[in-house]
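Participant: sequence and predicted structure, then a few things I'm wondering about:
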Amino acid sequence: MKTICSKSPAQNWDQAFPVGNGRLGAMVWGNPAHEVIQLNEESVWSSPFIDRNNPSCRKSLSKINAFVKEGRNAEVQDLLHTCFNPVVKNHAMYQTAGEFHIDFFLAEGAVPYSECSGYKRSLDFETGVANTTFTSESPLPSTAIFSGGRRGSSIEYYRDVFVSQTQDVVIIHIGASTPKSIHLRARFDRGNFTTKALALADDTIALQDTHGIPFTLMATAVCSGGRVKTSGSSLIVDSADEVVIYIDVQSAWRKGSYNMKKGNVHSSQNSLATWSSDYALKKLCFASSCEYSDSYKEHVSEFSELYNQEKLELSPKNENDANPIFIEDILSKSMEKTPLANELYWNWCRYLYVSSLKKNEVPAAGYWGLWNNSFDSEQGRAGVSLDFLNFAMGQELPSALIKRIYKNGKKTARVMFGMEGFAAFDSTDLWGDSAPCSGFGKESIVPLGGIKIALFIKDCYERTMDSKFLRKNFYVIKSACDFFEDFLGREFVLSEEEKNLIAKLFDCAVTCAKYLKVNEKASELSKWKSEFERLSSSINEEKGASVKQKKSKDSVEIFADGFSPVFFAGKSLCEMNAGLVQSDFKDGTVRIELLPSLALPWKSGRLQGLRIKGNLVLNIEWKDGNLKAADLQAVPGSRHAESVCVTYKGKSYEAAFSENSLDILNVLPTTI
């Protein structure tokens, strides 16, 4: 099941349908009379870069550590609050770009229609298109050619909204069953965070804001059978047969000099907003010059190809072909434990994940993904999570962001800790901020973000086998080791979790040096190995263990947050897929465990196209908890692992590829 429907418009932002292409995102409410399209763009953040490193914390490190050893927790918290909080509370915050409001009318001068019949809104996961349909009864005369001047007519309206994968703009298509039936007024709204709202031409409006990174919202309308005009900062369409509205959001972040100087430039904010307007206008002119039908087909083709790289089937095909599933039925919990609902949830997470995939260098725009409806929300303040391991698979490798964090992290290590190397805390922003956020209330001073970046680099290599990427970013891993060698020499008190992560960092450095066959100094490798062994011996962890995925829960908790997109779906996908297959890469061999933990609704099914470690693709089918078919395919034209070790029902079997493929059932004993 790849479509979700609702019998009523969204009552709040959480119920709206999300669409996106990684850079641009929109939330579609589906109201018949007053439509709201809430907009996001990955580079709309609250401020230029601010150096938030607190130099006073360096002088307090030894005192904090002494108080921890003595159990003087009150003094520890006081010092952390006064010395370890940054000089500026938070890094830049990810913000909403604003809203696009469309008021629909029956005819010019008539009151808006508020009642309708046959209402349905839907979101097609496979195409990335949000659709709204309904029928309205008009009290006004219909066109003479259809009604002979009789009063009253039944008109079916339909709308499609998507963020084009090919043209990189939001496209809103509005149609009606009767000619000359579309009348609307549209405008942008960003509340008090608006510098200027204006009409650029008879068919184009814009809103500029300079409170944070200067940016522009812009919309242009193309209609057939009617007339487009502007009044003030509103778009007006009268008596149209069909309307297509194109929206773009562009910011000064994409201006080379602004980006290089992290927003701290001498140019006026207004001139930067004008630059972003020019950029947006070029994009809209190009998009609106194309036929809508062509734009739609190109988008659907590209989005569906991306979405269908992975496919899950848990329910019988006759169930998949049944009537559409409505949100109201899912949230009533009557379907929660059925295979159909679990399959739908997997597809929902897959859809959100694909819609958030990046083509640019700002991965996972907010802590929970692309969509955010606030100027100062929890997800906006959290910025970009550095817990990359949950969603590395399928994500483009953000070398530029890693480089920005590294440069800032060198300063954090020097200014806040008085140490060499590279250090970063758990979240960042599009500028690569490495300092801690306000409210740093843990009884810890350990900057773990740098370790997570190092592990992310290793994980990306093991998934893609891209040695060029690993070689390009190996300096980050080395520099993180330099910092923690110095850090460990100060004998700070560390928790078991912190020791575990630092041990993984040194193991990561040794492993990546082997992958690259780097001629590191023997003393360097020896030092990393000894640090790993020393830390490992003090914690309950098998020596040399690598990062492993958690096994799935006995039951999958689906739609715990309703249908809200405020979570990063890549994490949920990893957790669900972990019940079907877990993969690791070690000593040149991909180690795969099949069906390690199946929840009850997942006892039978099929998963195709799953990317695993070693740059391999797995197809698997199972029934009543038992493996029925499984094969591995190498990604054509790319480097991949050659040897495989398959674990099934507690026993392991080794095999090698032949002609870039492997039938796993041929590896397992016939008794299984």
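Facilitator: Received the coordinates, thanks. Computed from a prediction, not measured in an experiment: that's the story for all the values here.
Participant: okay, CA-based contacts and neighbour counts for the rest of this
Facilitator: Will do.
Participant: what distance do you get for the residue nearest to Leu616 when sequence neighbours are not counted to Gly30?
Facilitator: Spatial nearest neighbour of Leu616, chain neighbours left out: Ala634 (4.9 Å); criterion: Cα to Cα, 6 or more residues apart in numbering. According to Cα to Cα, to the nearest Å, Ala634 and Gly30 sit 43 Å apart.
Participant: who's more crowded, the two?
Facilitator: Gly30 (29 against 21; other Cα atoms under 10 Å).
Participant: quick check, the more buried one in a helix?
Facilitator: No. Counting by DSSP: H, G, I helix; E, B strand; the rest coil, Gly30 is not part of a helix but coil.
Participant: I figured it was touching Asn12, is that so?
Facilitator: No. Using Cα atoms under 8 Å, Gly30 is not in contact with Asn12; the gap is 10.9 Å.
Participant: report the contact partners of the residue nearest to Leu616.
Facilitator: Contact analysis of Ala634 by Cα atoms under 8 Å, 6 or more residues apart in numbering lists Asn615, Leu616, Val617, His640, Asn660, Ser661.
Participant: can you list the residues you listed in TSV and add pLDDT, neighbour count and secondary structure?
Facilitator: Converted to TSV, the contacts of Ala634 look like this (pLDDT from 0 to 100; neighbours: other Cα atoms under 10 Å; DSSP: H, G, I helix; E, B strand; the rest coil):
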residue	pLDDT	neighbour count	secondary structure
Asn615	91	22	coil
Leu616	93	25	strand
Val617	93	19	strand
His640	90	22	coil
Asn660	86	15	coil
Ser661	90	16	strand
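Participant: what's the helix or strand harbouring Glu497 packed up against?
Facilitator: Glu497 is part of helix 496-516 when elements are defined by DSSP states H and E. Helices and strands touching helix 496-516, by 3 or more Cα pairs under 8 Å, 6 or more residues apart in numbering; DSSP states H and E, are helix 449-464, helix 467-489, helix 522-537.
Participant: what's opposite Tyr157 in the beta bridge?
Facilitator: Note on Tyr157: beta-bridge partners by DSSP bridges are Phe134, Ala176.
Participant: ah, wrong one, I meant Thr647
Facilitator: Under the criterion used (DSSP bridges), Thr647 bridges to Glu593, Ser652.
Participant: what is the neighbour count of it?
Facilitator: 20.
Participant: next one: Gly637
Facilitator: When neighbours are defined as other Cα under 10 Å, Gly637 has 6 of them.
Participant: so where do the helices sit in the stretch 1-150 of the chain?
Facilitator: Ranges of helices in the stretch 1-150 of the chain, per DSSP state H, counting those that start in this stretch, are 56-69, 73-79, 144-147.
Participant: which strands and helices sit next to the first one?
Facilitator: So that's helix 56-69. helix 73-79, helix 399-417.
Participant: by contact count, what packs against the helix or strand where Ala341 lies?
Facilitator: For Ala341, the element it lies in under DSSP H and E is helix 339-355. Where contact means 3+ Cα pairs under 8 Å, 6+ apart, helix 339-355 is packed against strand 17-20, helix 292-307, strand 311-313, helix 569-577.
Participant: Arg414: which of the ones you listed is closest?
Facilitator: Of all those, helix 569-577 sits nearest to Arg414, with 33.3 Å by Cα to Cα.
Participant: tilt between the closest one and helix 339-355?
Facilitator: Calculated by axes from the mean of the first three to the mean of the last three Cα atoms, to 10 degrees, helix 569-577 forms an angle of 140 degrees with helix 339-355.
Participant: hang on, the earlier thing: in JSON lines: the helices and strands packed on helix 339-355, plus mean neighbour count.
Facilitator: JSON lines is the format used below for the helices and strands packed on helix 339-355 (neighbours: other Cα atoms under 10 Å):
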{"stretch": "strand 17-20", "mean neighbour count": "29"}
{"stretch": "helix 292-307", "mean neighbour count": "16"}
{"stretch": "strand 311-313", "mean neighbour count": "20"}
{"stretch": "helix 569-577", "mean neighbour count": "21"}
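Participant: would you format the ones you listed as TSV with mean pLDDT included?
Facilitator: Shown next, in TSV, are these (pLDDT from 0 to 100):
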stretch	mean pLDDT
strand 17-20	95
helix 292-307	96
strand 311-313	94
helix 569-577	77
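Participant: from Lys452, how far out is Val163?
Facilitator: As judged by Cα to Cα, Val163 and Lys452 stand 32 Å apart.
Participant: between those two, who's got more neighbours?
Facilitator: The neighbour count for Val163 versus Lys452, taken as other Cα under 10 Å, is higher for Val163 (30 against 24).
Participant: pLDDT on stretch 167-182, on average?
Facilitator: Stretch 167-182 shows a mean pLDDT of 94.
Participant: mind saving the C-alpha coords of that stretch as PDB?
Facilitator: Taking C-alpha atoms only, stretch 167-182 is exported to PDB below (Å, rounded to 0.1, in the frame of the first residue of the first chain):
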ATOM      1  CA  GLN A 167      12.800  21.700 -11.800                       C
ATOM      2  CA  ASP A 168      13.400  22.100  -8.100                       C
ATOM      3  CA  VAL A 169      10.400  24.300  -7.400                       C
ATOM      4  CA  VAL A 170       7.000  23.700  -5.600                       C
ATOM      5  CA  ILE A 171       4.200  23.200  -8.200                       C
ATOM      6  CA  ILE A 172       0.500  23.600  -7.400                       C
ATOM      7  CA  HIS A 173      -1.900  22.500 -10.100                       C
ATOM      8  CA  ILE A 174      -5.600  23.500  -9.700                       C
ATOM      9  CA  GLY A 175      -8.300  22.300 -12.100                       C
ATOM     10  CA  ALA A 176     -12.100  22.100 -12.300                       C
ATOM     11  CA  SER A 177     -14.600  20.000 -14.200                       C
ATOM     12  CA  THR A 178     -16.400  23.100 -15.500                       C
ATOM     13  CA  PRO A 179     -14.600  25.900 -17.500                       C
ATOM     14  CA  LYS A 180     -14.100  29.300 -16.000                       C
ATOM     15  CA  SER A 181     -14.800  28.000 -12.500                       C
ATOM     16  CA  ILE A 182     -11.500  28.800 -10.700                       C
END
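Participant: no further queries at this time; thank you.
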